[in-house]
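Q: Just a sequence and a predicted model for now, questions to come.
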Amino acid sequence: FLLIFQLKCGNCGEVSEKWQYLRLMDSAPLKGGRGSATMVQKCKLCSRENSIDILSQTIKPYNVMIIFIIFLVQLTLKNLLPMCLQAGFAAEGAESGTPFNDINLLEKDWNDYDEKTKESVGIYEVTHKFVKC
């Protein structure tokens, strides 16, 4: 499971220039021995420690047009705001079982061709939102 974000510091508003890659299996210790998170980083501008934790128990498959499975996930963000979601999605043809890996939704459209079913497949007009819980 991989999420790729561009992040903004909740303290000073600095937006990261680089894309941040989050993998469910990653873990980094929090400052002061307060546990761990999926990612811990220090803001380059204000030096504040920020963290993101993927809550694995919240990952649920979500069927879209019967062809693709997309995941909904809940994150715990400490002092970080996600700005944009880039890639890390994968799908499988419902009838053919053809895997489609590394789907990039930054352009809001994605398409490919399923050789087994001889059909064009795609995801179009993608929108996403981050909801504060």
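A: Received it, and whenever you're ready, just let me know what you need.
Q: Would you map the strands across this structure?
A: For the chain, strands defined by DSSP state E occupy the ranges 2-9, 20-23, 28-29, 36-37, 39-42, 49-54, 60-64, 68-72, 75-78, 80-85, 89-92, 99-103, 110-114, 119-123.
Q: Lowest average pLDDT across these?
A: Between the strands of the chain, the lowest average pLDDT goes to strand 68-72, which shows a mean of 47.
Q: quick check: domain ranges of this protein?
A: 1-86, 88-127 (the TED database).
Q: need these in a markdown table with mean neighbour count, can you?
A: The C-beta positions use only the backbone N, C-alpha and C, and glycine is treated the same way. Formatted as a markdown table, the domains of the chain follow (neighbours: other Cβ atoms under 10 Å):
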| stretch | mean neighbour count |
| --- | --- |
| domain 1-86 | 15 |
| domain 88-127 | 13 |
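Q: Please name the nearest non-neighbouring residue to Cys43.
A: Cys9 (4.4 Å; Cβ to Cβ, 6 or more residues apart in numbering).
Q: let me redo that: Lys116
A: Ser96 (3.7 Å).
Q: ok now do the closest residue to Asp109 other than its chain neighbours, which residues does it touch?
A: For Asp109, ignoring the flanking residues on the chain, the nearest one in space by Cβ to Cβ, 6+ apart is Tyr124 at 5.1 Å. Neighbouring residues of Tyr124 by Cβ atoms under 8 Å, 6 or more residues apart in numbering: Lys108, Asp109, Trp110, Asn111.
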